[in-house]
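> Okay, here's the prediction I keep looking at, along with the sequence it came from:
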Amino acid sequence: MFELAPNPYSDPIKKFHSELKGIQWKPPFILQTIQAIISSIILVVLSLFYITVGVVAQISTTFWDLILGLGEKMSFSQPIESTAYAIALALYFILFLPFFILQSPIWMCGWLATKIGLKPFIAIVFIFTVATTIYFYTPETATQSYAKIIEFQDSIRKEYFAQDSVNVIATEEIAEEPEELPKKISKKKLNSRKRK
């Protein structure tokens with residue numbers, strides 16, 4: 001039977017939902033209100049991830065499981081059956097690729113966070129967001145650099161490619177007109193002179 005892979009965000013949503021339900025409200029309600037607001041924000045973010053990245057991850061994981069299952073069947077099947085499995089495997093892989101590409105940024109972030117740790121990953125994300133914010137929200141620096149590049153390109157174009165003909169500076173010796181070369185005598189005239 002065909003089974004869909006579980007959504008990776010379903011367990012965290014259940015956990016934060018149970019925490020939100022388990023808040024014990026006591027006066028003056030300040031700490032409980034802060035906890036409820038933070039848990040609600042986390043639930044909203046996780047719900048957005050559940051609808052977008054989670055569904056894509058479910059689909060790609062399901063197709064990957066199908067690809068692995070077909071690979072195992074191919075190793076124990078007859079040659080005719082294995083060609084049919086190979087065609088199905090290729091089709092599953094073509095369907096798997098776009099979903100994997102869509103989820104790959106989040107997957108890479110999770111893989112990097114597990115490899116280097118959560119605190120260095122948060123520092124890298126913070127530095128990256130600050131750099132992109134500076135780049136996109138202070139466009140004068142980028143505009144100035146682009147303007148310099150375009151000005152340099154225009155100067156090269158005007159200097160080397162604006163004229164159709166190339167100006168050649170000639171010295172006096174080259175500029176003098178050459179002496180007239182003796183004219184070649186045609187063969188008919190030579191034959192007539194020989195007869196005389």
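Cool, the structure landed. Bear in mind the structure is a predicted one, so any value in this text is a computation, not a measurement.

> Lowest-scoring secondary structure element of the protein by mean pLDDT?
Across the helices and strands of the chain, mean pLDDT, DSSP states H and E gives its lowest value to helix 172-175, namely a mean of 52.

> For the helix ranked longest in the chain, buried residues please.
Among all segments of the chain classified by DSSP state H, the helix with the greatest residue count is helix 79-116. Using 16 or more other C-beta atoms under 10 Å as the test for burial, helix 79-116 gives 82, 85, 89, 92, 96, 99, 100, 102, 103, 106, 113. Yep, even glycine has a C-beta here, placed from its N, CA and C like the rest.

> Could you list which residues are in contact with the fourth one?
This points to residue 92. Residues in contact with residue 92 (C-beta atoms under 8 Å, 6 or more residues apart in numbering) are 63, 66, 67, 70.

> What of the first one?
By C-beta under 8 Å, 6+ apart, the residues touching residue 82 are residue 74.

> What distance do you get for it to residue 151?
Relative to residue 151, residue 82 is positioned 63 Å away (criterion: C-beta to C-beta, to the nearest Å).

> I figured residue 56 hits residue 99, correct?
Yes: the pair residue 56 and residue 99 passes the contact test of C-beta atoms under 8 Å, sitting 5.1 Å apart.

> what phi and what psi does the backbone show at residue 151?
Dihedral angles of residue 151 (phi, psi; degrees, to the nearest 10) stand at phi -60, psi -40.

> residue contacts, it?
Contacts of residue 151 (C-beta under 8 Å, 6+ apart): none.

> Show the model's pLDDT score for it.
You'll see residue 151 listed with a pLDDT of 78.

> Tell me, how many residues neighbour residue 46?
The criterion is other C-beta atoms under 10 Å. On that basis, residue 46 has 20 neighbouring residues.

> Same question for residue 21.
When neighbours are counted by other C-beta under 10 Å, residue 21 registers 8.

> Return the residues in contact with residue 93.
In this structure, residue 93 makes contact with 63, 67, judged by C-beta under 8 Å, 6+ apart.

> so where do the helices sit in the chain?
When secondary structure is read from DSSP H, the chain shows helices at 10-21, 30-49, 55-75, 79-116, 118-137, 139-156, 172-175, 187-195.

> what angle separates the fourth one from helix 30-49?
Translated: helix 79-116. 150 degrees (axes from the mean of the first three to the mean of the last three C-alpha atoms, to 10 degrees).

> Okay, angle between helix 79-116 and helix 55-75 too, please.
Using the same axes, to 10 degrees: helix 79-116 against helix 55-75 is 140 degrees.

> Helix 79-116 - what's its average pLDDT?
Regarding helix 79-116, the rounded mean pLDDT is 83.

> Could you do the third one as well?
Confidence over helix 55-75 (mean pLDDT, whole number) is 83.
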